[in-house]
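> Sequence first, then the predicted structure, then my questions.
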Amino acid sequence: MSMNSVGRPTRPEAVESGYQPGGRGLLQDEPLLFELDGWDKTGVDLADVGDDLAGFDGLGGLVRSGPIGLPGLSEPETVRHYVRLSQKNHAIDLAIYPLGSCTMKHNPRLNEKMARLPGFADIHPLQPQSTVQGALGLMDRLAHWLKTLTGMPAVALTPKAGAHGELCGLLAIRAAHEAKGQGHRKTVLAPTSAHGTNPATAAFCGYTVVEIAQTADGRVDLADLEAKLGDHVAAIMVTNPNTCGLFERDILEISRLTHAAGAYFYCDGANFNAIVGRVRPGDLGVDAMHINLHKTFSTPHGGGGPGAGPVVLSAALAAYAPTPWVVHDDDGFRLQETPEAEAEAAFGRMCAFHGQMGMYVRAYAYMLSHGADGLKQVAEDAVLNANYLKARLSDLMSPAFPDGPCMHEALFDDSWLEGTGVTTLDFAKAMIDEGFHPMTMYFPLVVHGAMLIEPTETEPKQELDRFVEAMRRLATAAKAGEAERFRAAPVMAPLRRLDETLAARKPRLRWAPVAAEAQAAE
Ligand SMILES: *Cc1c(COP(=O)(O)O)cnc(C)c1O
C-alpha cells in the first residue's frame, strides 16, 4: 500500500471563499501538516531492520500492519511548516492590536525571562512544599499586591481566566447567600452592555439573568436598577470602567442600592487596566472582582491561553474563598488545602492544582518592574492614548458617546457610515488591507455597528499616528463612495470573507482524509 494514497486533499470550500493557493508578498501558503506531501519518506535516518524482527511478538499482537499515516518531514520542512503557520497569526509583536475590551498590550521580555527561571519553570505541583518555598513566596507576594491594588482583604489566585474568575465569584456569592438562609435569591442583574461571559456565567450557576437598562450617556440606569433589585436578587454584575469605555460615575450609589437590597456586587474587572493604581474597587463597595492577569498585568493571551483570572473578595465573601491559598507560619510558606481560619466556609476548589504559576511569575515581574508609581502611570497612559485616538478620529467617525473623555477605549458607532453602503464589517476588512488588525466590532451590543478601539498604554505615539492615518484614509474613501472596494476587502489576505458563524458553530477540529475517500470512489 502506498502512503501516497492519502494524497493532499483539494479544498473546494476554500475556493468559494476566494482562497488563492500559492504565495504572495513573501508569505507562503501552507497546508495542514496532514496535507503535505512526503508520506513515503522519513526525516529520520533509521537503520533498516530487514527481517530481524520477523516473528517478533513482544508487543502482544499489536505490531502495526499498515502504514503509520504521518507525513515524514525533514527538519527544514518541519521548521518551515510551523514558521509559516506562525506568520499567519497577527501578534502584538507585529503591530498595534486594537481589540477593545481585550487589552492587547506588549508582554515585556523581562517577564518571560523570569518565568523561565528553572526554580519557577521546572517545578511540579506535587513536589514537597518545603522544596518550592520560593514559588509559594511569590504567590503570597502576588496576592499581597492584588489585595493592595484593589483594596480588598482576600484573593483567590487559582481561576484560569476572566470567565473562570466570574464563576469563582458567583460560587462564593451563592455559598454566602446559602449560609445566611438566602438561597432563594435566584436572579442576577447585569447591564445590557455586559460582556457575554457575565450572563453566561450567571446562567451556568443556575441564576436567571435580568438586564439593567442603560442611560443615553452609556451608564447604568439607576432608576431601572432600583426597580429591579429586591429579595430575589443574589447579585449584580457590573463592569467598571464599563464596556462602552466609560467610568460608572454612580458606582457608589450602585453598590449602596445593591447592598441595601441584600445582594452582592460582582464587578467585572477586565478593564482594571484603566484604573489600576488610581482607584481601589474595594473603596467602591465591590464584593468580588476578577482581574485578568493576561490583560492588566501583561501576561500573554490569545491562542487559547493559558490565562489567569484571580478574584479579589470583600470581607463579606472572604470566608467562602476557594482552596487552596498560601499561608505563612513558623515553618515557612504552605498551601492551605482545606477550609479553615480565614476561609472556614470555602466552597471547594476551582482547579486541580494551584493555578497558572507561569502567569503568576510574569504578572509579579510586571508589578515589580513598574512599581506602584509605574502602575498608576499605566492607567493614565492607557486613558491618554484612547482619548488621543478619540480626538483624532471624531471629526470623520461618530463617537458613540461624544460628551466628555473616555477611559481606556474609544467607542464609535456606525452612524457616520450611513448612506455610504459600507458596513462596520466592510470597514474592518479594509483595515486588514492597510496592514492593521481590526478593532472589536459589534460589541458592546448597545451601540449600533460598534467599533471599540483599545490602544493600551504600550503603543507609542508614532504607532498611534500610523493607525490614525490609515483609519482616516479609509474613512475618507468610504465617504467618497468607494463602497465596492470595501465590499471586496480584504484583497491582500490569503483568505478573504469567511463564514465566521459556520466556523464558530460547526468548527472542523479533526482532519479527515476527504480526498482519499473521494479518489477511491472515482
Ligand atoms: C476579557 C473579558 C472577560 C473575560 O475574560 P477571559 O479571560 O477572556 O475569560 C470578561 N469581561 C470583559 C469585560 C472582558 O473584556
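Cool, the structure landed. Numbering: from 1, shown residues only.

> From now on I want contacts and neighbour counts done on CA atoms only, so please keep to that.
Fine.

> Show the backbone phi and psi for Met350.
When read as degrees, to the nearest 10, the backbone of Met350 gives phi -100, psi -20.

> before we move on, what about the one 4 residues further on?
Torsion angles at His354 (phi, psi; degrees, to the nearest 10) stand at phi -120, psi 20.

> elements contacting the longest helix seen in the chain?
As far as residue count goes, and with DSSP state H defining each element, the longest helix of the chain is helix 357-393. Here helix 357-393 touches helix 109-115, helix 118-121, helix 133-150, strand 410-413, helix 461-479, going by 3 or more C-alpha pairs under 8 Å, 6 or more residues apart in numbering; DSSP states H and E.

> Stretch 407-426 and the ligand, are they touching?
No: using C-alpha under 6 Å from any ligand atom, stretch 407-426 stays clear of the ligand, coming no nearer than 11.1 Å.

> Same check on stretch 351-369?
No: contact of stretch 351-369 with the ligand (C-alpha under 6 Å from any ligand atom) is absent, the minimum separation being 12.5 Å.

> Any regions of the stretch 351-500 of the chain where pLDDT drops low?
Low-confidence segments of the stretch 351-500 of the chain (pLDDT under 70): none present.

> Apply 80 and report the result again.
Judged by pLDDT under 80, the stretch 351-500 of the chain has its weakly predicted residues at 494.

> got a list of what Glu211 touches?
Each residue near Glu211 by C-alpha atoms under 8 Å, 6 or more residues apart in numbering is listed here: 189-192.

> That one: which element?
Remark: Glu211 resides in strand 208-212, with elements defined by DSSP states H and E.

> Could you list the buried residues of that strand?
Neighbour-count burial for strand 208-212 flags 208-212 (criterion: 16 or more other C-alpha atoms under 10 Å).

> Describe which strands it pairs with in its sheet and in which direction.
Here strand 208-212 is paired, per DSSP bridges, with strand 187-191 (parallel).

> Give me the distance between the strand it pairs with and the centre of its chain.
Its chain's C-alpha centre and that of strand 187-191 lie 22 Å apart, by C-alpha atoms, centre = their mean, to the nearest Å.

> got it, and stretch 347-355?
Distance, stretch centre to chain centre, for stretch 347-355: 20 Å (C-alpha atoms, centre = their mean).

> residues in contact with it?
Outside stretch 347-355, the residues touching it (C-alpha under 8 Å, 6+ apart) are 125, 157-160, 168, 171-172, 175, 308, 320-324.

> Which of those residues fall within strands?
Judged by DSSP state E, the contacts of stretch 347-355 include no members of strands.

> For Leu509, state which of these is nearest.
Nearest to Leu509 out of the contacts of stretch 347-355 is Lys160 (C-alpha to C-alpha; 23.1 Å).

> and the longest strand along the chain, which strands flank it?
Longest strand in the chain, counting residues (DSSP E): strand 233-239. Strands adjacent to strand 233-239 in the sheet, as given by DSSP bridges, are strand 187-191 (parallel), strand 264-268 (parallel).

> pLDDT averaged over it, what's the number?
Averaging pLDDT along strand 233-239 yields 98.

> so how far is the helix or strand following it off the chain centroid?
With elements assigned by DSSP H and E, the helix or strand that comes after strand 233-239 is helix 251-260. What separates the centre of helix 251-260 from the centre of its chain is 29 Å, taken as C-alpha atoms, centre = their mean.

> Can you tell me what sits against helix 251-260?
Under C-alpha under 8 Å, 6+ apart, the answer for helix 251-260 is 222, 225-226, 229, 235-236, 264-265, 284-286.

> With stretch 105-123 instead?
When contacts are defined by C-alpha under 8 Å, 6+ apart, stretch 105-123 is touched by residues 92-93, 97, 132, 134-135, 295, 298-300, 357-359, 361-363, 365-366, 456-459.

> Return the set of buried residues in it.
Within stretch 105-123, judged by 16+ other C-alpha under 10 Å, the buried ones are 105-108, 111-112, 114-115, 120.

> any idea of the mean pLDDT for it?
95.

> Would you mind measuring from His164 to Ser314?
Distance, His164 to Ser314, by C-alpha to C-alpha, to the nearest Å: 18 Å.

> and this structure, which of its residues are near the ligand?
101-102, 161-163, 195, 197, 243, 268, 270, 292.

> Tabulate the CA atom coordinates of stretch 372-381 in CSV.
The C-alpha coordinates for stretch 372-381 follow below in CSV (Å, rounded to 0.1, in the frame of the first residue of the first chain):
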residue,chain,number,x,y,z
ALA,A,372,3.3,51.4,42.5
ASP,A,373,4.0,54.7,40.6
GLY,A,374,4.6,52.9,37.3
LEU,A,375,1.3,51.0,37.6
LYS,A,376,-0.5,54.3,38.2
GLN,A,377,1.1,55.6,35.1
VAL,A,378,-0.1,52.5,33.2
ALA,A,379,-3.7,53.6,33.8
GLU,A,380,-3.0,57.2,33.0
ASP,A,381,-1.2,56.5,29.7
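
> Give the buried residues for it.
Neighbour-count burial for stretch 372-381, counted by 16+ other C-alpha under 10 Å, picks out 372, 374-381.

> Break down the stretch 201-350 of the chain into its helices, ranges please.
222-228, 251-260, 315-318 (DSSP state H, counting those that start in this stretch).

> just these: most buried one?
Burial of the helices of the stretch 201-350 of the chain is given as mean neighbour count (mean count of other C-alpha atoms under 10 Å); helix 315-318 ranks first at a mean of 19.

> and that helix, average pLDDT?
Per-residue pLDDT over helix 315-318 has a mean of 97.

> can you pull the contacts of Phe443?
Contacts for Phe443 were tallied using C-alpha under 8 Å, 6+ apart; they are 449-452.

> Just the terminal-to-terminal distance for stretch 319-334.
OK, stretch 319-334 end separation, C-alpha to C-alpha: 19 Å.

> any residues touching that stretch, and which ones?
So stretch 319-334 is contacted by 129, 133, 136-137, 139-140, 154-157, 168, 172, 175-176, 313, 335-339, 342-350, 354 (C-alpha under 8 Å, 6+ apart).

> Quick check: which ranges of the stretch 1-150 of the chain have low pLDDT?
1-26, 37-46, 48-57, 63-64, 66-70.

> Comparing the helices and strands packed on helix 357-393, which comes out most buried?
Comparing the helices and strands packed on helix 357-393 by mean count of other C-alpha under 10 Å gives strand 410-413 as most buried, with a mean of 27.

> For that strand, report the contacting residues that lie outside it.
Residues from elsewhere that reach strand 410-413 (C-alpha under 8 Å, 6+ apart): 244-245, 386-387, 389-390, 397-401, 447-454.

> and with 10 Å instead?
For strand 410-413, the external contacting residues (C-alpha atoms under 10 Å, 6 or more residues apart in numbering) are 100, 243-246, 383, 385-391, 393-394, 397-402, 424, 439-444, 446-455.

> still on that earlier bit, now, of the strands paired with strand 233-239, which is deepest in the fold?
Mean neighbour counts for the strands paired with strand 233-239 (mean count of other C-alpha under 10 Å) peak at strand 264-268, with a mean of 28.
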